[in-house]
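[1] Take a look and give me a structure for this.
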Amino acid sequence: MQEITDLTSAGKLALGLALGLLVVGLILLGRFAGRGVATESEYLVADRKVPLLLSILALLATWFGSSSVIEASSKMYRVGLREVLLDPIACGATLILTGLVFADRFWNSGAATVSDLLRKEFGPWAERLSCMIQVPSFFLWIGSQMLAMGQLLESALDVPLWIAIAVSAGATLGIVVWGGMWSVTWANTVMILVSLASVMVLFWVTWSQLGIEQVVEAVPRGHFSLDASSPSRWMAIGSVLVIGLFGNVPGQDIQQRVASAKSASTARWMCIWAGVLYLMFGMIPLYLGIAARYRFSDSLQETDLPIQRLAGLYLSQPLQVLFLVGMFSLALAVASGATLSQSSIVSRNMLGHWLGHRLGGMQLARASTVLVVVSSMCVAYSGESIMQLLELSLVIVLVSLFVPMTVALFFPSGSPRPGVGISGMLSGLVVWMAATCFQESVAIAASLLGLSASAIASWIAIKRLELVRPAR
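    Presented below is the predicted three-dimensional model:
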C-alpha cells in the first residue's frame, strides 16, 4: 500500500481509535478462545474440531488478502483480464479443486502439516527438504503482509514505517500466540466480516454513482480479452493458470485448515464454499478497477491505487475509516493465519527433532510462533525489493512439492520410500532452474517443465520400486 486518501485530523483520530480497538479486541478474543488449549494438537489444528461455518470464514480470511483487493483492482485498471488470471480466478479455483480432490484424503491421513505427510510416506530426508522449500516462502509472505500493514499506518496516521511494522508484528503475535488455531479461527472470522463489509460498501457506493452497464461499455478495446494469437502466448496463459491452480495446493496454510476441520466432509465443503465465495467477492475488485478506468481514464500515476482513489472520491470520512480498517484487517488476517501455518512446520518438523525432549509441545509451538513473527518482521524491514521473491517462492513450491504430495495421498505405501519423494522434489527444482536460465530459447514455460520433470521422476522411482498400491 502506497497512497492513502488524506483524512482530516478527526478522521485520523477515529481511524487510530478504530484500529486500536480492533487489535485489542482481537487479542482479547484470541486469549478467550484459547483459554482451554492445553495440547499441541489443540494449538496447531484445534484438535480437529472446527465446524463448517467457522472453517469457511477462516479459510476465506486466510486467502482473501489485501493483494486480492488492491492489486487485482490495480491490474484490472491498468492492463485488463489477462493480469488477473492468477488472482482471483486461479487462486479461487484452487480452493474448489482442493475440496473436490485433495481435502478429504489429507484429513484422513491424520497429518498436521504437509511435511508430516511427506515424512510418513518418504522418510525424514523428504521432510527436511520440504521444510527447506516451504519456510522461505512463508517468511516472505508474512513479511509482505506486515509491510502492507505498516505502509497503511505510515500513510494514514503518519507513523514512522519501522514503528508501524513493529506494531503490525505485535498485533499478529498477540492474536496467534495464546490459543493457536482456535484464536486465529475466531479472529479471522471477525476480520473477514469487517473486510467484506468495507469492500461491499465501496462497491455499493461506486455502483450507485456510476452503474455497471456504462462502466463496462467504456472499457478500452481488448481489456477483457486474452492474447492467444500464438502457441507461446497460449503457453504463457496455461503457465499462469497452472501456477495458480496447483501451486497453492501443497501450501501449509490451506492444508492446516483442512486438518483442523471436524470431519473429512467438513474439510471438503469448507474448501469448496470458500472457493465459491472467493470468486464471488473477487469480482468486486475487478469491477472497481474498471470503474476507476471509467472515472479517471489514464490520469492515475503508477503510484496511485485506483481503489483508494475511488474511496477518497465517493466515501464520506466515516466510511473511509471503515474502508481502511477493512484493508488493515485483510492483511492482518492473512498474516495471523500464515504465522500459525509456519509455526506448525517450525515446531513439528524442524525444532521438534532437536528440542522436543527439552520442551513440551505447547511450549515449543508458542516459541515457534514468536520466532516466526520476529523473523517475518525482519523480512518486512528489508523493504519491498525482497518481496519480489515471493512469486518465485510460490513457483518453487509448485515444481517441487505438488507431485510428491499427490503421490503420498493417492498412492500410499506401507513403508517409507525416500527415492520417490526426494527424486520428485529435486528433479522439479533442477529442471525448473535450468529452464529459467535458458527461458528465452525454451518455448515451454519453466514452471511447466519443472512440474513435468517432477512427475516423470516420481513415476520412474515408483516403477523401479514396484510399490504402487492405489489408495481406496
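[2] Is it correct that L19 is in contact with F328?
    Yes - with contact defined as CB atoms under 8 Å, L19 counts as touching F328 (6.1 Å). Every residue, glycine included, has its C-beta placed from N, CA and C.
[3] Quick check on the residue most central in space within the chain: phi, psi?
    In the chain, the centroid-proximal residue (CA atoms, centre = their mean) is W63; its distance is 4.8 Å. In terms of degrees, to the nearest 10, the main-chain angles of W63 are phi -90, psi -40.
[4] now do G179
    Torsion angles, degrees, to the nearest 10, at G179: phi -120, psi 0.
[5] what's around it, how many residues?
    25 (other CB atoms under 10 Å).
[6] OK, contacts around it?
    30-31, 33-35, 37, 43 (CB atoms under 8 Å, 6 or more residues apart in numbering).
[7] Counting neighbours, which of these comes out on top?
    Y43 leads the contacts of G179 on contacts (other CB under 10 Å) with 29 neighbours.
[8] Restricting the selection to alpha carbons, write the helix or strand containing that one to PDB.
    Using DSSP states H and E, Y43 sits in helix 40-45. The C-alpha trace of helix 40-45 is given here as PDB (Å, rounded to 0.1, in the frame of the first residue of the first chain):
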ATOM      1  CA  GLU A  40       0.000 -29.200  20.800                       C
ATOM      2  CA  SER A  41      -2.800 -30.700  18.700                       C
ATOM      3  CA  GLU A  42      -5.300 -28.200  20.100                       C
ATOM      4  CA  TYR A  43      -2.900 -25.300  19.400                       C
ATOM      5  CA  LEU A  44      -2.000 -26.300  15.900                       C
ATOM      6  CA  VAL A  45      -5.200 -27.800  14.500                       C
END
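[9] gap between it and the chain center?
    20 Å (CA atoms, centre = their mean, to the nearest Å).
[10] and S260, what does it touch?
    Here S260 is in contact with 45-46, 48-50, 55, 181, 185 (CB under 8 Å, 6+ apart).
[11] Among these, which pair sits farthest apart?
    R48 and T185 (12.4 Å; CB to CB).
[12] Which one of these two is surrounded by more residues?
    T185 (27 against 19).
[13] per-residue confidence for that one?
    pLDDT recorded at T185 is 93.
[14] ok, now S229?
    Per the predicted model, pLDDT is 65 at S229.
[15] Low-confidence ranges, this protein, go.
    1-6, 66-67, 227-232, 354-360, 383-391, 439-443, 466-472 (pLDDT under 70).
[16] now with 50?
    Scanning the chain for pLDDT under 50 picks out 1-3, 467-468, 471-472.
[17] follow-up on the earlier one: distance of the residue nearest to the centre of the chain from R309?
    Distance from W63 to R309, counting by CB to CB, to the nearest Å: 26 Å.
[18] before we move on, back to that, what residues sit buried inside the helix holding Y43?
    Neighbour counts over helix 40-45 (16 or more other CB atoms under 10 Å) mark 40-45 as buried.
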